[in-house]
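Asks: Provide a 3D model corresponding to the input given below.
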Amino acid sequence: MRPCRVCAACRKVEHGNHPDLHRLQPEGAGEQIRIGQVQTLITDLALLPMEGRVRVAIIEAAHRLNPDAQNALLKTLEEPVGAACIVLCADDPATILPTVASRCARFRLGPVPVGDIQGLLVERGLADASRAAGLAVASGGLPGVAVALSRSPEALLIRDRMARQLADLLPADRRTRLEAAPSLMADGAALDAALSGEVPADEVPDGQMPPPSAASAARGASAAPAGRRRAPAPAVARPSSARRPQPAERRRAVRRVMTTWRDVGRDLAVVVGGARAGIRQLDLLEELDAAAPLVVGDELVSFLDRLDGLVAAIDAYASPELVLDDLLLRWPRTKAGVGRDAGQ
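Replies: Sure thing, here's the model as predicted:
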């Protein structure tokens with residue numbers, strides 16, 4: 001049943017002040033959900049509902065529950081006290097303990113059709129039909145991403161800039177690729193800040209970093225990598241390296257880069273497979289068309305598998321800088337890039 005969005009209960013849920021709805025999110029430098037948060041939730045769920053029929057708990061990013069927190073949740077999942085519904089939202093179910101997973105009913109959510117996301121954006125007045133169609137395609141089937149992009153125009157510009165830079169790196173040699181790491185980190189930080197709605201990237205004063213709550217880059221900016229010449233992307237300021245970001249900020253920045261990288265790699269794989277009509281980033285079609293005949297398909301598939309695996313490594317406290325350098329060196333190279341490396 002869809003929410004009506006006009007009754008008192010719907011408005012309270014939308015504003016985050018419904019007494020029977022409880023949300024848990026990762027906190028602290030390690031971005032974890034800790035045992036103390038779970039214990040507080042268990043106490044709240046033991047109380048009778050105040051307005052609804054049940055108390056509802058939504059554990060966001062449940063893959064960030066640390067082992068102690070998951071074990072503390074076990075008894076409540078098996079024998080809940082009172083009328084309660086607990087929803088665990090996990091991007092990576094592999095990190096959920098088997099004892100916790102066995103006590104849950106699993107619902108696997110796939111990408112939402114582009115038309116449905118477009119309709120959602122238009123219905124909420126976030127974009128007109130034409131712009132909503134573009135945002136729906138860019139979101140990769142994720143309504144939340146589409147909503148975030150619609151509310152932050154600079155985020156889409158930063159994302160496009162990262163995608164163009166990654167496409168440019170296909171023919172680049174090793175040195176150029178590694179030199180691109182700082183600017184990718186900076187863009188990842190700016191994108192994270194823009195999507196979180198904390199500090200718009202184009203409002204960061206020159207020479208300053210966003211505040212600690214907004215993700216920021218670890219190394220600052222560098223020159224753009226060598227590649228095909230094209231009209232410059234619209235200017236969106238990158239944060240500078242006035243301070244060293246916290247580990248959690250650097251992980252978020254690299255995860256944003258990896259998400260964009262997955263989209264570029266997916267579109268390249270589609271073009272390599274001959275299905276040009278299925279790509280999402282139409283402005284990269286010319287570059288992907290040029291690179292596709294020069295890329296080995298097996299290498300691209302291997303790279304995408306490795307990228308997905310390293311997302312879990314980032315969450316397990318692998319160095320984000322080392323992960324980014326590894327991916328830059330393993331990003332499939334066209335014949336021109338291989339030739340340049342051999343001549344060095």
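
Asks: so where's the stretch 101-250 of the chain uncertain?
Replies: 197-244 (pLDDT under 70).

Asks: need the helices for it, in chain order.
Replies: Using DSSP state H, counting those that start in this stretch, the helices of the stretch 101-250 of the chain run over 114-123, 129-138, 143-151, 153-168, 174-179, 181-196, 247-272.

Asks: of all these, which one is nearest residue 308?
Replies: Among the helices of the stretch 101-250 of the chain, helix 247-272 comes nearest to residue 308, with 7.5 Å by CB to CB. Backbone N, C-alpha and C define where each C-beta goes, glycine included.

Asks: quick revisit: comparing the helices of the stretch 101-250 of the chain, which comes out most buried?
Replies: Neighbour counts (mean count of other CB atoms under 10 Å) averaged over each of these peak at helix 181-196, with a mean of 26.

Asks: reformat the helices of the stretch 101-250 of the chain as CSV; add distance to residue 20.
Replies: CSV is the format used below for those (distance: least, CB to CB, whole Å):
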stretch, distance to residue 20
helix 114-123, 25
helix 129-138, 33
helix 143-151, 23
helix 153-168, 33
helix 174-179, 52
helix 181-196, 27
helix 247-272, 31
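
Asks: out of these, which is closest to residue 81?
Replies: helix 143-151 (31.4 Å).

Asks: which elements pack onto the closest one?
Replies: helix 114-123, helix 129-138, helix 153-168, helix 181-196 (3 or more CB pairs under 8 Å, 6 or more residues apart in numbering; DSSP states H and E).

Asks: helices or strands next to the first one in the packing?
Replies: Counting contacts by 3+ CB pairs under 8 Å, 6+ apart, helix 114-123 packs against helix 129-138, helix 143-151.

Asks: next, the angle helix 129-138 makes with it.
Replies: On the basis of axes from the mean of the first three to the mean of the last three CA atoms, to 10 degrees, helix 114-123 is oriented at 130 degrees to helix 129-138.

Asks: and helix 114-123, how far from the chain's centre?
Replies: 20 Å (CA atoms, centre = their mean, to the nearest Å).

Asks: restricting to C-alpha, output it in CSV.
Replies: Presented in CSV, the C-alpha positions along helix 114-123 are these (Å, rounded to 0.1, in the frame of the first residue of the first chain):
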residue,chain,number,x,y,z
VAL,A,114,13.4,4.2,-15.5
GLY,A,115,9.8,5.1,-16.2
ASP,A,116,8.8,4.6,-12.6
ILE,A,117,11.7,6.7,-11.3
GLN,A,118,10.8,9.4,-13.9
GLY,A,119,7.2,9.4,-12.7
LEU,A,120,8.3,9.6,-9.1
LEU,A,121,10.4,12.7,-9.7
VAL,A,122,7.6,14.4,-11.7
GLU,A,123,5.0,13.5,-9.1
